[in-house]
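> A predicted structure for the sequence below; I have some questions about it.
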There are 2 protein chains.
Amino acid sequence: MSLELPRLASPGALLTDLYQLTMLQAYYERDMLETAVFEFFARKLPARRNFYLAAGLEQVLDYLEQLRFSQAELEWLSGQGTFKPAFLDYLAQLRFSGDVHAMAEGTAFFANEPILRITAPLPQAQLVETRLINLLHFQCLIASKAARLVLAAQGTRLVDFGLRRSHGAEAGVYAARASYLAGFDASATVLAGAQFGIPLAGTMAHSFIQAHSDEDAAFEHFAHSLPGTVVLLIDTYDTEAAAQKVVELAPRLATAGIHIQGVRLDSGDLGDHARRVRAILDRGGLNAVTIFASGNVDEHLIQRLWQEGAPIDGFGVGTHLGTSSDVPALDCAYKLQEYAGTPRRKRSEGKATWPGRKQVYRQYDDEGRCCGDTLTLEDDAAEGVPLIQPVMRQGRRLQPSPSLAQVRASTRQELQRLPLALRRLEPAADYPVLVAPALRALADTADRLSGLP
Amino acid sequence: MSLELPRLASPGALLTDLYQLTMLQAYYERDMLETAVFEFFARKLPARRNFYLAAGLEQVLDYLEQLRFSQAELEWLSGQGTFKPAFLDYLAQLRFSGDVHAMAEGTAFFANEPILRITAPLPQAQLVETRLINLLHFQCLIASKAARLVLAAQGTRLVDFGLRRSHGAEAGVYAARASYLAGFDASATVLAGAQFGIPLAGTMAHSFIQAHSDEDAAFEHFAHSLPGTVVLLIDTYDTEAAAQKVVELAPRLATAGIHIQGVRLDSGDLGDHARRVRAILDRGGLNAVTIFASGNVDEHLIQRLWQEGAPIDGFGVGTHLGTSSDVPALDCAYKLQEYAGTPRRKRSEGKATWPGRKQVYRQYDDEGRCCGDTLTLEDDAAEGVPLIQPVMRQGRRLQPSPSLAQVRASTRQELQRLPLALRRLEPAADYPVLVAPALRALADTADRLSGLP
């Protein structure tokens, strides 16, 4: 008997905003069931992000395929006094039967470029707004942050340590996915390993050291317990003294056939400690023992340590990754672009949108680096590679999704194709995104149809 | 037949860090099963928080009561090659059988004050670390942010609009809980209403307006569809023009017995628009129609609008609440304080902890405001009210938990008992927390036992 892999359960159809359901009832009662087109995009890039990285499409497709109201959910809704029986019957049979076009996960994108389009009867396309944003926003957020860490680390091993300070269970598991996709090497989150096959890694906690009568005993006990991957945490009391203990312990372990793989630093000036610990280990003949660092690590610290030549072989990144601490939210939206064949446009101050079904064409220079995008209508032509492709038709995936490993490999190429200025941590000039004349013309049409100047 | 209320499912026992499981195997093999004491606390307050608010205890107790490894989880672990059959058998029967002491939800707390203590056999107390921090950290984070919004709003209605940009499903639902606990009036998140009985609120989206041929038709349709709570979104095209349409629509609706409850602003300068819209509504005889504002709202904007006397009757707060955007993570920890009857202490640079089982005593002045805390050992005496109380013994709750409404009411009192300087948004001087001599003496003892100076 083979059991299903452990995974996060769906939160169900009630993970939405109340207004989606009240608007749906209004649409249902007035028979406003014609085709609507919504697109998800992000507005202006914050100063600390030179590009966004698309992620989370896979979870959106799962959500759309599985969307339905359970008996318990319908019964609860029925008790609220807001929803009429005929509408609840309609909800009971509601499934997502629309089309989805999207950029592949791991694609870099910029302000105002849609990364996902929903084409579906208005109530369906409206209903899915909240959860769709909730899923896409978070993984794009984390993948975009993780990409900066990956670029700063220049190949140094990166492990996601973020679960404990992530914002709940999904945040922890999906941050592991988004960061692995963006190039992280492993995660400490066991459920992310089970659900997504992400390689797992981990060392030991301070409490393990503290629970033993002395540090030497803790090290020795741990090494015997996990002989395959011995990484010893050495900052509980005195980092350099502990490094010396590791040197003394190594020959004893070697006689038992156990080799110490690495030590972990988790406090103080990580560069200074790494240099001193490296010297102690090398003097003790432990040149092969690696140094792994954690504790308040972000991309700026990694860059500084790398520039200083700190002898650090890997980083555990927790809070700054798992919460995208410098930019904990993106200014993104899911907006109606067309209803019943007519282009639609919002004109709210500072939040105006481009109407219609759009395509993003990306141009590349002779060295294969992307050098400019054109934002235009789906049926308009432009130079470059069209990034938005059909992925779901009438509620069903068009093809099996690529594996996470495949997405990770293509993301790696994607980061290499970015202009150098965008790969740096420092703010770069805006990447050129041209709004094509056809799109501008449609915006004017949409305004005229709404009676606007 | 009554179905269960819709609620978030548990993510299971694999929502943990890999090292918890490898350390557990080491403890199990070496029979290190004696009683351990861990405490959860936060370190230094960030400049933008004058106090923390305790929240999330309820979810921690649920987690501890339900903790077990399923067959699917055990089978998956067994396939990893790291865990031995005898240890997996041990995991299969593992339940949480320990004691929990904690501060009540809604209690204000400060740096280094524990808000929760676990007393349990070492493997249990260790295993629960990751999820316990994941649950407590997030709700404390959001409740502490929400309290600032509540204090700035001075009684103005506050609604949680955060789900879409929250970090996943749990973040959305638990942010609704934590903000309601801290004094918010309602949430837009339907599942939070179903799971916790939080009042729900919502208006309409721009897409609803856009999907209609014109704004007037959208307003009228919406009003007829939801006659009990008509709140019209008026910024899709031109805010003041839309306010004028509302004035013209009102008498027509009144003949159908429908009264417009409010309008919502979602862009531009909310204070300016509110003043102009208020004037338009008042001139049109709609003095009873309220103005609700949303769009990038945080506590500083609310305070400024309140000081300016902007005629705003309620705020929807989304991203800044749901991600605690200015402080998206707290520096908190869950640390071993005692094992097998011996006090334990970590001495890592900048991260040293106070050992032993602790109590926090809170003193109040003549006006009933708290004026100082004493942090000491559980068996030491001090002036004031002891805040840490037993809540679970041998894995079972000692009493039914207070309702969320009760916690919200006591939190309201708690905020009124805070010193005025702490209730302001501006950084205040540190609240006085005295470390008692008995605790200092125990720290010295713990250092001596670890052979430290």
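The structure has been received and is ready for your questions.

> Quick check: which ranges of chain A have low pLDDT?
A:1-3, A:452-453 (pLDDT under 70).

> Mind doing that once more with 80?
Where chain A drops to pLDDT under 80, the residues are A:1-3, A:346-351, A:449-453.

> what residue is smack in the middle of it?
In chain A, the residue lying closest to the centroid (C-alpha atoms, centre = their mean) is residue A:139, at 2.6 Å.

> count of neighbours near the residue lying closest to residue A:295 once chain neighbours are set aside?
Setting aside the residues directly before and after it, residue A:295 is nearest to residue A:266 in space (C-beta to C-beta, 6 or more residues apart in numbering or on different chains), at 4.4 Å. The C-beta positions use only the backbone N, C-alpha and C, and glycine is treated the same way. Residue A:266 has 25 neighbours, counted by other C-beta atoms under 10 Å in any protein chain shown.

> pretty sure residue A:266 is touching residue A:239, no?
No - using C-beta atoms under 8 Å, residue A:266 is not in contact with residue A:239, being 9.2 Å away.

> so where do the helices sit in the stretch 301-450 of chain A?
A:319-322, A:404-416, A:420-423, A:437-449 (DSSP state H, counting those that start in this stretch).

> and the gap between the residue nearest to the centre of chain A and residue B:252?
46 Å (C-beta to C-beta, to the nearest Å).

> Surely residue A:356 and residue A:339 touch.
No - counting by C-beta under 8 Å, residue A:356 sits too far from residue A:339 to count as a contact (11.5 Å).

> Now the common contact residues for these two.
Shared contacts of residue A:356 and residue A:339, defined by C-beta atoms under 8 Å, 6 or more residues apart in numbering or on different chains, are found at residue A:37.

> Neighbour count: the two, which is higher?
Comparing residue A:356 with residue A:339 by other C-beta under 10 Å, the one with more neighbours is residue A:356, at 24 against 21.

> Can you mark which positions in stretch A:34-44 are buried?
Neighbour-count burial for stretch A:34-44 flags A:35-42 (criterion: 16 or more other C-beta atoms under 10 Å in any protein chain shown).

> From those, list the ones also adjacent to chain B.
Residues of those in contact with chain B (C-beta under 8 Å from any C-beta of the partner chain): A:36, A:38.

> Tell me which two in the buried residues of stretch A:34-44 are the farthest apart.
A:35 and A:42 (24.7 Å; C-beta to C-beta).

> Would you map the strands across the stretch 51-200 of chain A?
With strands called from DSSP state E, counting those that start in this stretch, the stretch 51-200 of chain A shows them at A:52-53, A:99-102, A:108-109, A:114-121, A:157-160, A:186-187.

> Save the ones you listed as JSON lines, and put in distance to residue B:12 and mean neighbour count too.
Output for those, formatted as JSON lines (distance: least, C-beta to C-beta, whole Å; neighbours: other C-beta atoms under 10 Å in any protein chain shown):
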{"stretch": "strand A:52-53", "distance to residue B:12": "29", "mean neighbour count": "26"}
{"stretch": "strand A:99-102", "distance to residue B:12": "29", "mean neighbour count": "22"}
{"stretch": "strand A:108-109", "distance to residue B:12": "34", "mean neighbour count": "24"}
{"stretch": "strand A:114-121", "distance to residue B:12": "29", "mean neighbour count": "24"}
{"stretch": "strand A:157-160", "distance to residue B:12": "19", "mean neighbour count": "25"}
{"stretch": "strand A:186-187", "distance to residue B:12": "16", "mean neighbour count": "27"}
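
> Can you check which of the ones you listed gets nearest to chain B?
strand A:186-187 (8.4 Å; C-beta to the nearest C-beta).

> Just give me the neighbour total for residue A:300.
Counted with other C-beta under 10 Å, residues neighbouring residue A:300 total 15.

> distance of it from chain B?
16 Å (C-beta to the nearest C-beta, to the nearest Å).

> Wait, a strand at that residue?
No - going by DSSP: H, G, I helix; E, B strand; the rest coil, the assignment for residue A:300 is helix, not a strand.

> Check the gap between it and residue A:393 for me.
Taken as C-beta to C-beta, the span from residue A:300 to residue A:393 is 44 Å.
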